[in-house]
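Peer 1: the sequence and its predicted three-dimensional model are supplied below.
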Amino acid sequence: MPKNSYSDRNPHPLSPLLRPRSIAVLGASERENTVGCEIMHNLRQGGYEGKLYPVNPGRETVFGLPCYARLSDLPETVDQVIFAIADTRVESALDETIAHGAKAATIFATLVLEDDTTPPLRERVREKVHQSGLLVCGANGMGIYNFQDGIWACGFDTRNNHQRGGNVTLISHSGSGMSGILDCEERIDFNLAVSTGQELGVTMDQYMDYAIECMNTKVIGLFMETARNPEGLRAVLAKAAERNVPVVAIKVGRTELAAELTVSHSGAMAGQDAAYQALFERYGVQRVEDMDELATALIMFAQPHQPAAGGLVSIHDSGGERQLIIDLADRVDVPLTVVSSGTSKKLENLLDPGLMPVNPLDAWSKGGPDYHKVMESCFAALMCDEQAALGAVVHDRAPLGEIYQAYIRYLRAGHGASGKPVFLVSNRQGTGSDPRVQSTTRDGFPVLDGLRSFLVGVKCLLNYRDFQQRLRAEPTEPSREVVAAEWAAVANPWRERLAQGQVLNEFESGRLLVDFSIPVNPSAPVDDVEAAVKAAQSFGYPVALKSAQPGLLHKTDQDGVKLSLHTEAELRAAYTEMTERLGPAVLVSPMVLRPGVEMILGVVRDEQFGPLVLVGFGGVYVEAFKDVVYALPPFGTATAKRLLEKLKLHHLLEGHRNFPAVDVEAFCLAAARFSVMAAALADSISEVDVNPILVLEDGCIALDALVAGHQVYKRMNTQRNSS
């Protein structure tokens, strides 16, 4: 076991579940094709070294071991009980397990009864687990494989050549999401694999913590449906980032956002996956889309070499397949290294006439007896380029899906010359069962299949490299708790106000922003035309007139905004026309006539992770463009700048045609302060809309704002759920 803060004297809280010293199997059997038989077979095949007790009143022995009628007959209290029994027996067996004093249980049953009572079985089991503190894997899962310690606590078959001492952890809400990779991908050596099921007891984040603390874990793969313990997930992702343990995730399903209620533009735009987008961005989680990409990324992270600066270099024996990687790399957004003039000169001296000394490199021309040496030398030259982060030999498989020994020599030559990661990649599926493929991969030179999946893996490696560099280079961003404490004096009066469930009008919303040092265009609330004229005179013409009638959230939609009023006569006419339709309350503001780019800052509330900050292009076309990204608050200016760079239209901020570049630094500072506000008022706000916030050549200024209290969210969400 690796060095960590836990030991046999000070065990991890999950040790009774993941490293039990004794196990009882309820429903143990020798009858083939039963879960009870498969569990016993797996525990024996995995080499379980603890005490194993079959429990089944219908048998005297199981696989030569004494079989007991009930838990109370056992000679000792076991750490864990594995349930290989029908749903109808689970509740009574759970009572017996708790009375026995076991610390952990694994439950495979679905907990669905045909003629159930209220509350249903699942909820009754959940409550008993909660009250007892029993560590439970499941229900409705496929169990646990602790390959590091030889504990195969699973009721289904798997490949029999799992290695002890692997460095990859796989935790899946889906049973098939675990077994689909675990059972078939022989190039991955796992230390721990868990099918968590319904997580009635132990949640995904707790398994991750065990893998980080108690195992030699190089990378963690997740198949996620939801976050049943959001704060625990945030904490363990932060720990993984700190310990340099990359996390690769498939996220399926959706989480609902309270912001779907469309009180604000922010809410109307919020995608249902925004919270996970923000969560993964914050903690460097690499997101993939399917099982092939997940397996490939895990193989690539498990190899021992770290990518250097720069992008991908690759060598090919086909001009057409060289073009294919160029097209796919552009689509996947993987940078291809432009090699130096020195590298080009080396290649030119090695290649046949007519071949271009560039990356990606097609090094096949006439062939000949020395072509393997040419390939080796060319790949080594590519890998030694100072902007080569990692490299690939992209050659298709030999007949029957095998690989040529010469390809392995190319890999070793490239890595030997540079020390950088190298991969052998075929353009389509080969086989992971070939012994040479497995041994080469385990030697640190992964053999992979499928060019697109490989490129996704490259992007994951490079993104994680950059994430780790940012962690080392940038100041640590404060937690929500620290921000709440530091800004308590400013936030508390607003927190009390917002907790009453009010929607602040534009004037009050502007005051809130000013309290958090966010620049806001001044305004004056008035309710008669003479006061409006006086306010305009104090600001100076031209001015803007906006309806401030209570309950009117979207002024533009109701023609409640009049801009560029240059004279008192224009102001009086506009006031009369608007107030006859919408009511007497208005705001008067000075016009900002300088050119700039209209942006939006927003807050939406996720039911699991709390407030999310939205950053994007704003103005009247905000919902048409929907060019926005999300982040967990609080964050600093460096994060704000990276968010801007993710926007599709970010080049508009750099100037175009007759429009000058705008003050990105000022906007990033405002966004960072806005995120502090979101964190300080995390329990009190439902939605915030600052749209537009105009970014100028020097500075930025918020021109409109709307803030909705958290009780508004709760009330409207209740109405939606009951409708």
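Peer 2: Looks like it arrived, so ask away.
Peer 1: what helix or strand does the residue of the chain most remote from its centre sit in?
Peer 2: Here the chain reaches farthest from its C-alpha mean at residue 569, the gap being 56.3 Å by Cα atoms, centre = their mean. For residue 569, the host element (DSSP states H and E) is helix 568-582.
Peer 1: contacts for that helix?
Peer 2: Helix 568-582 has contacts (Cβ atoms under 8 Å, 6 or more residues apart in numbering) with 529, 532-533, 536, 543, 545, 547, 549, 552, 558-560, 562, 565, 586, 588. Where you see a C-beta, it was placed from the backbone N, CA and C, and this is true even at glycine.
Peer 1: partner strands of the helix or strand following that helix and their direction?
Peer 2: Per DSSP H and E, the first helix or strand lying C-terminal to helix 568-582 is strand 586-590. Within its sheet, and counting by DSSP bridges, strand 586-590 is paired with strand 524-526 (antiparallel), strand 543-547 (antiparallel).
Peer 1: of the ones you listed, which stretch is the most buried?
Peer 2: Greatest average neighbour count among the strands paired with strand 586-590 goes to strand 543-547 (a mean of 24), per mean count of other Cβ atoms under 10 Å.
Peer 1: tell me the angle of the helix or strand that that one is followed by relative to strand 586-590?
Peer 2: Downstream of strand 543-547, the first helix or strand assigned by DSSP H and E is strand 561-565. In terms of direction (axes from the mean of the first three to the mean of the last three Cα atoms, to 10 degrees), strand 561-565 departs from strand 586-590 by 40 degrees.
Peer 1: show me what strand 561-565 is packed against.
Peer 2: When contacts are defined as 3 or more Cβ pairs under 8 Å, 6 or more residues apart in numbering; DSSP states H and E, strand 561-565 sits against strand 543-547, helix 568-582.
Peer 1: look up phi and psi at residue 682.
Peer 2: Dihedral angles phi and psi of residue 682 (degrees, to the nearest 10) take the values phi -60, psi -40.
Peer 1: thinking it is in contact with residue 611, fair?
Peer 2: Yes - the criterion here is Cβ atoms under 8 Å, and residue 682 meets it with residue 611 at 5.3 Å.
Peer 1: which one's more surrounded, these two?
Peer 2: It is residue 611, of residue 682 and residue 611, that has more neighbours when counted by other Cβ atoms under 10 Å, with 27 against 21.
Peer 1: tally up the residues packed near the residue found closest to the more buried one once you drop the neighbours it is linked to in the chain, please.
Peer 2: Distances taken as Cβ to Cβ, 6 or more residues apart in numbering place residue 678 nearest to residue 611, at 4.6 Å, with adjacent residues excluded. Per other Cβ under 10 Å, the neighbour tally for residue 678 reads 29.
Peer 1: which stretches of the stretch 201-350 of the chain have low pLDDT?
Peer 2: Low-confidence segments of the stretch 201-350 of the chain (pLDDT under 70): 254-271.
Peer 1: average pLDDT for stretch 663-670, rounded please.
Peer 2: Stretch 663-670 shows a mean pLDDT of 97.
Peer 1: same question but for stretch 536-554, I mixed them up
Peer 2: 91.
Peer 1: buried ones in it, by neighbour count?
Peer 2: For stretch 536-554, burial by neighbour count (16 or more other Cβ atoms under 10 Å) applies to 536, 539, 542-549, 552.
Peer 1: that older thread, secondary structure element for the residue nearest to residue 611?
Peer 2: Using DSSP H and E, the element containing residue 678 is helix 664-680.
Peer 1: next one: that helix to chain centre, how far?
Peer 2: Distance of helix 664-680 from the chain centroid (Cα atoms, centre = their mean, to the nearest Å) equals 23 Å.
Peer 1: please spell out which residues along that helix are buried.
Peer 2: 664, 666-680.
Peer 1: and if you look at stretch 295-307?
Peer 2: So stretch 295-307, judged by 16+ other Cβ under 10 Å, has buried residues 295-303, 307.
Peer 1: on that earlier part again, now the strands paired with strand 586-590 as CSV including distance to residue 323?
Peer 2: As requested, these are exported to CSV (distance: least, Cβ to Cβ, whole Å):
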stretch, distance to residue 323
strand 524-526, 64
strand 543-547, 55
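Peer 1: looking at this protein, which helix or strand is least sure?
Peer 2: Every helix and strand in the chain was compared by mean pLDDT, DSSP states H and E; the lowest is helix 265-269, with a mean of 44.
Peer 1: after that one, which helix or strand is next?
Peer 2: Downstream of helix 265-269 (by DSSP H and E), the next one is helix 274-283.
Peer 1: just the ones of the buried residues of stretch 295-307 in helices?
Peer 2: Secondary structure from DSSP state H places 295-302 of those in helices.
Peer 1: returning to that earlier point: just give me the closest of the contacts of helix 568-582 to residue 91.
Peer 2: residue 552 (55.5 Å; Cβ to Cβ).
Peer 1: tell me the contacts of residue 700?
Peer 2: By Cβ under 8 Å, 6+ apart, residue 700 lies in contact with 519, 596, 599, 662-663, 666-667, 670, 693-694.
Peer 1: and those residues, which is closest to residue 154?
Peer 2: The nearest member of the contacts of residue 700 to residue 154, counting by Cβ to Cβ, is residue 599 at 51.6 Å.
Peer 1: okay, strands next: where are they in the stretch 201-350 of the chain?
Peer 2: 219-224, 247-251, 286-288, 311-316 (DSSP state E, counting those that start in this stretch).
Peer 1: what's in contact with the last one?
Peer 2: By that I understand strand 311-316. With contacts defined as Cβ under 8 Å, 6+ apart, strand 311-316 is touched by 322, 325, 329, 334-337, 339, 359-364, 375, 378-379, 382-383, 385, 387-395, 410, 425, 455, 458, 462.
Peer 1: likewise stretch 657-673?
Peer 2: 516-519, 595-597, 599, 601, 613, 615, 634-637, 639-641, 643-644, 652-655, 693, 695-700, 702.
Peer 1: so which of these belong to strands?
Peer 2: In strands, defined here by DSSP state E, the members of those are 597, 599, 601, 613, 615, 693, 695, 700, 702.
Peer 1: most neighbours among those residues, which one is it?
Peer 2: Ranked by neighbour count (other Cβ under 10 Å), those have residue 601 at the top, with 31 neighbours.
Peer 1: nearest residue to that residue in space, ignoring adjacent ones along the chain?
Peer 2: Once flanking residues are discounted, residue 601 sits nearest to residue 690: 4.3 Å by Cβ to Cβ, 6+ apart.
Peer 1: over to residue 429?
Peer 2: residue 449 (4.7 Å).
Peer 1: what about stretch 496-514, how long is it end to end?
Peer 2: End-to-end distance for stretch 496-514: 18 Å, by Cα to Cα, to the nearest Å.
Peer 1: ugh, wrong one, stretch 234-251
Peer 2: 15 Å.
Peer 1: what does it contact?
Peer 2: If you take Cβ under 8 Å, 6+ apart as the criterion, stretch 234-251 is touched by 177, 205-206, 208-209, 212, 217-224, 273, 276, 279-280, 282-291, 293-294, 297-298, 301, 460, 464, 467-468, 471, 609.
Peer 1: buried ones only from these, please, as a ChimeraX command.
Peer 2: Of the contacts of stretch 234-251, the buried ones go into a single ChimeraX selection, burial set by 16+ other Cβ under 10 Å:
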select :177,205,206,208,209,212,217,218,219,220,221,222,223,224,276,279,280,282,283,284,285,286,287,288,291,293,294,297,298,301,460,464,467,609
